[in-house]
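**Q** Quick one, fold the following:
(one chain, ligands or ions: 1)
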Amino acid sequence: MKFFIDTANLDQIKEAASLGIIDGVTTNPSLIAKEGITGAENIRRHYEAICALVNGDVSAEVIATDFENMVREGEELSAIHPNIVVKVPITRDGLKALSYFAKRGIRTNCTLVFSAGQALLAAKAGATYVSPFIGRLDDISQEGLDLIRSIRSIYDNFVFGTKILAASIRSPLHIVECARIGVDVVTCPLSSLLSLLQHPLTDIGLEKFLSDHRKSQQAAAAMST
Ligand code: G3P
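**A** Okay, here's the model as predicted:
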């Protein structure tokens with residue numbers, strides 16, 4: 001399973017990359033706006049900077065909602081760097097754009113997926129990745145992980161090349177459950193990844209190892225004096 005980092009923050013991407021477990025980055029217009037980046041040229045430069053930090057796929061989302069402009073924006077985005085994956089929302093025009101890009105070898109990430117039917121259409125259109133949003137379903141009292149299970153079983157029934165990229169991750173349990181279900185990629189903020197590290201018995205065990213080591217060193221030092 002791959003880990004992508006879901007942010008447009010360069011410091012966070014740098015820090016995540018330094019852990020050695022990051023395979024790519026996902027962004028969206030809200031994450032770009034959060035960094036205060038405005039204007040097409042600045043946004044293009046920002047994607048270049050992200051691609052320079054991580055050796056893996058970087059999702060960059062189109063803003064247009066009509067087919068012609070989605071295609072124009074998508075082609076511009078994919079020309080920025082070979083690792084750019086064009087993120088397209090699952091709408092009627094989005095579906096058409098996904099097939100257009102697939103026929104031309106431009107890789108895509110179909111976003112804002114909230115149902116198995118949408119995921120099925122995205123795969124039929126040749127999306128490289130499909131992004132089901134787990135947390136936003138949980139937010140409205142629907143079981144986000146159930147959607148992941150459905151998509152996994154549908155994709156396993158056929159020979160779809162589309163990879164499941166679980167998004168809108170809100171907890172370490174989401175990540176572990178996604179791994180159990182067998183998603184291809186999980187994208188989440190650095191804080192969620194780091195929370196996987198936490199276990200009180202690790203802290204207690206490490207403290208005991210270090211204290212035993214200290215005691216034996218002190219005893220050895222005392223004997224030699
Ligand atoms: O990038 C898409 C997705 O991960 C957004 O997550 O937390 O805004 O629902 P969130």
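
**Q** Show me what the least confident helix or strand in the chain by mean pLDDT is packed against.
**A** Within the chain, no helix or strand scores below helix 190-195, which has a mean of 94 by mean pLDDT, DSSP states H and E. With contacts defined as 3 or more CB pairs under 8 Å, 6 or more residues apart in numbering; DSSP states H and E, helix 190-195 has these neighbours: strand 2-6, helix 10-18, helix 172-181. Bear in mind the C-beta positions are built from the backbone N, C-alpha and C, glycine included.

**Q** can you list contacts of that helix?
**A** Defining contact as CB atoms under 8 Å, 6 or more residues apart in numbering, one finds that helix 190-195 is touched by 3, 5, 7, 12, 15-16, 19, 21, 169-172, 174-175.

**Q** Kindly supply the PyMOL command isolating those of those that are buried.
**A** The buried residues among the contacts of helix 190-195 can be selected in PyMOL (16 or more other CB atoms under 10 Å) with this line:
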select buried, resi 3+5+7+12+16+169+170+172+174+175
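
**Q** The closest residue to residue 144 other than its chain neighbours - how many residues pack around it?
**A** Distances taken as CB to CB, 6 or more residues apart in numbering place residue 134 nearest to residue 144, at 3.2 Å, with adjacent residues excluded. Using other CB atoms under 10 Å, residue 134 is surrounded by 29 other residues.

**Q** same deal with residue 40?
**A** For residue 40, using other CB under 10 Å, the count is 10.

**Q** quick one, phi/psi of it?
**A** The phi and psi values for residue 40, taken as degrees, to the nearest 10, are phi -60, psi -40.

**Q** Check what pLDDT it gets.
**A** Confidence at residue 40, expressed as pLDDT, is 94.

**Q** The one 5 residues further on too?
**A** Here the pLDDT value assigned to residue 45 is 98.

**Q** again, but for residue 65
**A** Predicted confidence (pLDDT) for residue 65: 98.

**Q** Ignoring the adjacent residues along the chain, who's closest to the residue positioned nearest the centre of the chain?
**A** In the chain, the centroid-proximal residue (CA atoms, centre = their mean) is residue 187; its distance is 2.3 Å. In this structure, residue 187 finds its nearest non-sequential neighbour in residue 4, 3.9 Å apart by CB to CB, 6+ apart.

**Q** Cool, thanks, talk later.
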